[in-house]
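# whatever this is, show me its structure:
(chains A and B)
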Amino acid sequence: MGTLRMLVILAWRSLWRNKRRTLITVSSIAFGTALALFLISWADGMYRKLIDSAVRMNAGHVTVERRGYNLAPSLSLYVPSVERIRTVARDLDGVSRIKPLVTGQAMVATGSASAGVGLVGVDPAVEKEVSPIARSIKAGRYLEPGDARGVVLGLTLAKRLDVEPGMKVVVTCNDSTGELVNEMLVVTGIFGTGMEEADGFLIQVPIAAARRIFRLGPDAATQVGLVLTSPDRQGDVLERMNASLAGTGLVALPWQEVLSDLASFMSVDKGSNYVFQGIIIFLLSFTILNTILMSVLERTREFATLLAIGTAPILLRLQIVMESAMIGIIGTGLGLAIGGGISLYFEIHGLDISPLIGKNLSVTGFTVDPVLRNEVSVRLLSWLGSLVFGLTLIVGLYPAYRSARINLPDALRSR
Amino acid sequence: MKDLIRLDQVSKEYRDNGVPVLALDRVSLAIGQGEFAVVAGPSGSGKSTMLNLIGGLDLPSSGTVTVVDRDTARLSGSELSRLRLDSIGFVFQAYNLIPVLTAYENAEYVLLLRGVPRLERRERVLGLLKTVGLEGMENRFPRELSGGQQQRVAIARAIAPEPRLVLADEPTANLDSKSSADLLALMMRINMDKNTTFLFSTHDPEVIRLARRVIRLRDGRIVSDGPEA
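Modelled structure (predicted):
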């Protein structure tokens, strides 16, 4: 214990022998850590917002559908009883909203124009609470549960069809049996999400209307989306849903499979972020290596003395590792405090990047609010802190190895 | 008297820019417990080399160096460390104190390595610093001490664990004559009181005059060994 205490004293005081060099190194580590923390938490905040927007507009964090629907969507692959899913999901911790959807392809026509669309039957009461579409009505109003023939469509599509709220459109499609059907609908509202695909291609009708148009049962849906209180609950909910769906031909899928394009984009984007941050940390490691190695090479005679008077080489190496650890702890701690503080500020107040990118930030067809909020978590602080600290320890191993590999007679005589 | 140190036909060859240099040439020697001996000779005669070999800081090219019944060439690095820690104290020409440790901590360091309990350490170190005339200077760092005071700390460090042998490589070379005389008197007293063996390398005539045995080296060979005439 006494030896360890003495090693700590030796390491700590040696560190501050060259204050300027140690401060520069500590600052470098702190800056690198803070920068990495800010960038990662910023990207995490953006991803969370993107996921939240996408899953709320589509089929939730977890989607229940018939097996195979995801690979080849078809009206013949439907969930026969939404109520059954609702009964199971309602009891699961972490499920915030249950949104049944009936999705199919259709043609919308007015007297003067027509367009191919994606027709989505929704539960207006649920959509009003979760979907960005319900909150982006630019003219008229969103659907109400009692709208038997109501339809909302996007700004771009409305312009193409030259329709306004109150006007009629005719929807033509194949129903679930393959029969061609027509239905006249009344435009109740026009939405503008800023998402090209949604505004130009999507129309929403009450789910009862969609079931009627596609000739599905009164409790059927093509997908049942589960919106969760937190994406972190996804694994648990998936597991329990799939357990209860066993043998029914239905399956619960994560949003990453349902919205695979978005998941792939995020994966690639995250990868490139990691490469960038890896470069920062790699450069950082050279600063640390330089400091520790210089400090070791300058103290050859001192190390020779310690070895000569009976210090075991392992203790000497431990002292150098301690010096690296101390630099690492101070630098990483400062970096986490500074980076965490800045990130936390922007998590609370948000960072509006609209002056840089225009009004809407669109990623793989999904629009994200340009006021981005960092997302700092204990998990992020722990793994980033451990990574940088671990790196300082690893980088300190070579100087530590070198410290005890000296020619004692020569080193003792050196100045 | 049992031999504490024995050198049998010891040679040491260095390479200086690729050129072989014979620093010690088939030297044989025995030093017993409690001796106060000096290795004297001009620069380059092999004094420091001999002390380095005896201290296990270097190994012979041929021959055997036995210290406290142990052949240094047969010991591993950690065994040599242990031998030095347990049995040998070092005093260097340039003091070689650890600059970031106080006088007290410098002297305490070896006791810590040997696992001496805290209270005993404190008692021993304070006593030693008093013995070497540094009472009240325990908390000074080496940079705050004069050369003579630093060398006294070095002696306190060397004798703190009560080693059987103290090797001192030109310990008075950087000191004025008064400091040198004080230091020698101190080491002689320790030699008498504790029966600690002292082996110096020096070409300081005062040190040579006081030694009870003078081993003279020239060109790596012993040219005389015995009391100075």
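# now the helices for the stretch 51-200 of chain A?
Ranges of helices in the stretch 51-200 of chain A, per DSSP state H, counting those that start in this stretch, are A:82-90, A:124-130, A:155-161, A:196-201.
# buried set for the longest one?
By that I understand helix A:82-90. Using 16 or more other C-beta atoms under 10 Å in any protein chain shown as the test for burial, helix A:82-90 gives A:82, A:84-86, A:88-89. (Each C-beta comes from the backbone N, C-alpha and C, glycine too.)
# need those residues in TSV (columns: distance to chain B and pLDDT).
Output for those, formatted as TSV (distance: C-beta to the nearest C-beta, whole Å; pLDDT from 0 to 100):
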residue	distance to chain B	pLDDT
A:V82	74	85
A:R84	72	89
A:I85	69	87
A:R86	71	88
A:V88	66	86
A:A89	65	86
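# ok, those residues vs A:G32, which is closest?
Nearest to A:G32 among the buried residues of helix A:82-90, counting by C-beta to C-beta, is A:A89 at 44.4 Å.
# mind listing what that closest one touches?
A:64, A:95, A:98, A:224, A:226, A:237, A:241 (C-beta atoms under 8 Å, 6 or more residues apart in numbering or on different chains).
# list the contacts for the last one?
A:M241 makes contact with A:62, A:64, A:88-89, A:92, A:226, A:252 under the criterion C-beta under 8 Å, 6+ apart.
# right, and A:T287 touches A:T25 too?
Yes - at 5.8 Å, A:T287 counts as touching A:T25 under the criterion of C-beta atoms under 8 Å.
# more neighbours, the two?
Taking other C-beta atoms under 10 Å in any protein chain shown, A:T287 and A:T25 do not tie; A:T25 has more neighbours (26 against 18).
# would you mind naming what in chain B lies close to chain A?
Residues of chain B lying near chain A by C-beta under 8 Å from any C-beta of the partner chain: B:48-49, B:52, B:55, B:57-58, B:77-78, B:81-82, B:84-86, B:88-90, B:92, B:94, B:96-101, B:105, B:108-110, B:112-115, B:118, B:121, B:157-158.
# the same query, at a cut-off of 7 Å, please.
Proximity of chain B to chain A (C-beta under 7 Å from any C-beta of the partner chain) is limited to residues B:52, B:57-58, B:77-78, B:81, B:84-85, B:90, B:92, B:96, B:98, B:100, B:109-110, B:112-113, B:118, B:157.
# narrow the residues you listed to those that are buried.
Counted by 16+ other C-beta under 10 Å, the residues of chain B next to chain A give B:52, B:57-58, B:81, B:84-85, B:90, B:92, B:96, B:98, B:100, B:109-110, B:112-113, B:157 as buried.
# closest to A:V130 among those residues?
Using C-beta to C-beta, B:V100 is the member of these that lies nearest A:V130, at 63.2 Å.
# residue contacts, the closest residue to chain A within chain B?
Nearest residue of chain B to chain A (C-beta to the nearest C-beta) works out as B:L85 at 2.7 Å. With contact set as C-beta atoms under 7 Å, 6 or more residues apart in numbering or on different chains, B:L85 has these partners: A:310, B:110, B:113-114.
# quick check, nearest of these to A:G247?
For the contacts of B:L85, the minimum distance to A:G247 (C-beta to C-beta) is 70.8 Å, reached by B:L113.
# residues in contact with that closest one?
With contact taken as C-beta under 7 Å, 6+ apart, B:L113 is in contact with A:3, A:310-311, B:85.
# any chance of those in a markdown table with pLDDT and distance to A:S74 as columns?
Listed next are the contacts of B:L113 as a markdown table, based on pLDDT from 0 to 100; distance: C-beta to C-beta, whole Å:
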| residue | pLDDT | distance to A:S74 |
| --- | --- | --- |
| A:T3 | 81 | 74 |
| A:G310 | 90 | 81 |
| A:T311 | 91 | 77 |
| B:L85 | 92 | 82 |
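# and the most centrally placed residue in chain B, what does it touch?
In chain B, the centroid-proximal residue (C-alpha atoms, centre = their mean) is B:L167; its distance is 1.4 Å. By C-beta under 7 Å, 6+ apart, the contact list for B:L167 reads B:51, B:54-55, B:88, B:90, B:199.
# try 10 Å
A:308, B:5, B:39, B:50-52, B:54-57, B:67, B:84, B:88-92, B:158, B:197-201 (C-beta atoms under 10 Å, 6 or more residues apart in numbering or on different chains).
# list phi and psi for it.
Backbone torsions for B:L167, taken as degrees, to the nearest 10, come to phi -100, psi 120.
# so in that sheet, which strands flank the one helix or strand B:I31 maps to, and in what orientation?
B:I31 belongs to strand B:19-32 when elements are defined using DSSP states H and E. In its sheet, strand B:19-32 lies beside strand B:3-16 (antiparallel), with partners assigned from DSSP bridges.
# narrow the contacts of A:A89 to those in strands?
A:64, A:95, A:98, A:224, A:226 (DSSP state E).
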